[in-house]
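1. everything below, folded, please.
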Amino acid sequence: MPPKPAAKDAAADGDGPDPALEEENDLVERELVIGHLYTRLARYQARGRVLASTNLELIDELETQKVNLKDINEYLTSELRSKELATSEMEARVARLAGELDDLRDLGATRVRGVEEEAREQQAEPRAALLGIEKELKAGP
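-> The predicted model follows:
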């Protein structure tokens, strides 16, 4: 560091401090500044090592999480595929059974109509006979 202006003026007058003492003070001051800077540098380097170590730990943890999430994703994807397959099979079965149910309803309705016609045909002859008897009774006595 350069000498202070007041010290230069005092040294020029001859009353001021000794130049050797002034130089020694400057040297001590520089050593203190250098010591302070070394301390700060050591503190920053220690902090840097801690941060680097923390960074490595976080990177390891991140990689572990990536692997775990990849495994979970693969499992869930396979589960989804199997559920989709089962669902599509069930939907096909529901559609097939709905078709069969419609066919059975149509067949049942056709059979009911056939039974109704057969019943009407079977009842037609006795009804005709009954009507004939009723007419004879009304006309007869």
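2. now the most centrally placed residue in the chain: which helix or strand?
-> Among the residues of the chain, the one closest to the centroid is N73, at 9.6 Å (CA atoms, centre = their mean). Taking DSSP states H and E as the criterion, N73 maps to helix 19-139.
3. so what does that helix touch, helix or strand wise?
-> helix 5-13 (3 or more CB pairs under 8 Å, 6 or more residues apart in numbering; DSSP states H and E). Placement of C-beta: from N, CA and C, glycine included.
4. any stretches of the chain with poor pLDDT?
-> Applying pLDDT under 70 to the chain flags the ranges 1-15, 140-141.
5. residues near Y44, how many?
-> By other CB atoms under 10 Å, 10 other residues sit near Y44.
6. correction: R111
-> 10.
7. one more: D26?
-> D26: 15 neighbours (other CB under 10 Å).
8. what do you get for A128?
-> 10.
9. gap between it and E117?
-> 16 Å (CB to CB, to the nearest Å).
10. swap in R49?
-> To E117, R49 is 100 Å away according to CB to CB.
11. equivalent analysis for R111, please.
-> 11 Å.
12. for S53, same thing?
-> Taking CB to CB, one finds S53 at 95 Å from E117.
13. check contacts around E134.
-> For E134, no residue meets the contact criterion (CB atoms under 8 Å, 6 or more residues apart in numbering).
14. and I133, by the same measure?
-> Listed by CB under 8 Å, 6+ apart, I133 has no contact partners.
15. same check, this time on G108
-> So G108 contacts nothing (CB under 8 Å, 6+ apart).
16. measure it to R120 for me?
-> 19 Å.
17. swap in E31?
-> E31 is 128 Å from R120, where distance means CB to CB.
18. which strand or helix spans P17?
-> Using DSSP H and E, P17 sits within no helix or strand.
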